[in-house]
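Asker: Have a look at this prediction, sequence included:
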Number of protein chains: 2
Amino acid sequence: MKEKSENTESDKRRSPCPVACCLDIMGDRWTLLIVRDLFLGKSRYKDFNSSPEGIPTNILAERLERLAKHDIIEQIPVSEGSKRMKYQLTAKGRALKSVILAMKKWGLEWEEDTEVHISRTTG
Amino acid sequence: MKEKSENTESDKRRSPCPVACCLDIMGDRWTLLIVRDLFLGKSRYKDFNSSPEGIPTNILAERLERLAKHDIIEQIPVSEGSKRMKYQLTAKGRALKSVILAMKKWGLEWEEDTEVHISRTTG
């Protein structure tokens, strides 16, 4: 129960601190990896699911819903008139680029044996 | 069990991606708030514990241990010759400033009613 209560998202903010509010939404091991994948050009459920970290499908579904609820991603048709949908970052989501880049730079500089995989998808 | 397995830290990396490696260590709702507090000048257990988000003591203790294990914080005497210890960021920890600042900027710009509290402590 401890870990559960620690990590279950609540609509209640912990404080007005902008860092805390950012972590209220994205403070977990997976959400920012989906945002990273969107910056890498991935846009479909199966693309996120096939990333090397192996996100469990139930977590992926919940995180996509959460990101959409907070207006960080949105769904659009894969092509004009298509009923199949893909995900894309909103302006609020694209503004997370500096967070992702700061983490990338930190990881490359301070964690051994990290490397950037360029894996743009065309889906 | 799902939430527990989702969030329990493991020494096993999920991938060599620097963003994923950063989140392997700090991908939760609390760890970066402790780093934020250290940047704000806080250095003692009671300082972190009194932050407005109300971090539970068991989580605080575990996160301080984790940050020390990953060489992000270290303990030093509160004054020369003292046996009482305080925490400070290492160079690796101070390098997280860009991550904290990016989250702060994002939160201020995109989340309503966020505000920065200046709360330097002298402890």
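Answerer: Looks like it arrived, so ask away. Numbers count the residues shown, from 1 in each chain, chains lettered A, B, ... in the order given.
Asker: so what's A:Ile55 up against?
Answerer: The contact partners of A:Ile55, taken as CB atoms under 8 Å, 6 or more residues apart in numbering or on different chains, are A:Trp30, A:Leu33, A:Ile34, A:Phe48, A:Asn49, A:Arg63. Where C-beta positions appear, they are placed from N, C-alpha and C, glycine not excepted.
Asker: Let me fix that, I meant to ask about A:Ile72.
Answerer: Shown here is A:Ile72, whose contacts under the criterion CB under 8 Å, 6+ apart are A:Ile25, A:Val35, A:Leu89, A:Thr90, A:Lys92, A:Gly93, A:Leu96.
Asker: And the fourth one, how close does it get to A:Ile72?
Answerer: Spatial separation of A:Thr90 from A:Ile72 under the definition CB to CB, to the nearest Å is 6 Å.
Asker: If we only consider the contacts of A:Ile72, which is nearest to B:Val116?
Answerer: Top of the list for closeness to B:Val116, among these and by CB to CB, is A:Ile25 at 18.0 Å.
Asker: OK, contacts around that closest one?
Answerer: Contacts for A:Ile25 (CB under 8 Å, 6+ apart) come out as A:Glu9, A:Thr31, A:Arg66, A:His70, A:Ile72.
Asker: among those, which are in helices?
Answerer: For those, the ones inside helices are A:Thr31, A:Arg66, with DSSP state H as the criterion.
Asker: can you list the contacts of A:Ile25 in CSV and add pLDDT?
Answerer: Listed next are these as CSV, based on pLDDT from 0 to 100:
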residue, pLDDT
A:Glu9, 57
A:Thr31, 98
A:Arg66, 97
A:His70, 97
A:Ile72, 98
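Asker: Now tabulate the contacts of A:Ile25 in CSV and tack on distance to B:Gly107.
Answerer: Supplementary listing: those in CSV, determined by distance: CB to CB, whole Å:
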residue, distance to B:Gly107
A:Glu9, 16
A:Thr31, 15
A:Arg66, 16
A:His70, 12
A:Ile72, 12
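Asker: And the contacts of A:Ile25, which two are furthest apart?
Answerer: Between all members of those, the longest pairwise span (CB to CB) is found for A:Glu9 and A:Ile72 and amounts to 13.4 Å.
Asker: from what I can see A:Asp71 touches A:Arg94, true?
Answerer: No. In terms of CB atoms under 8 Å, A:Asp71 does not count as a neighbour of A:Arg94; the distance is 11.7 Å.
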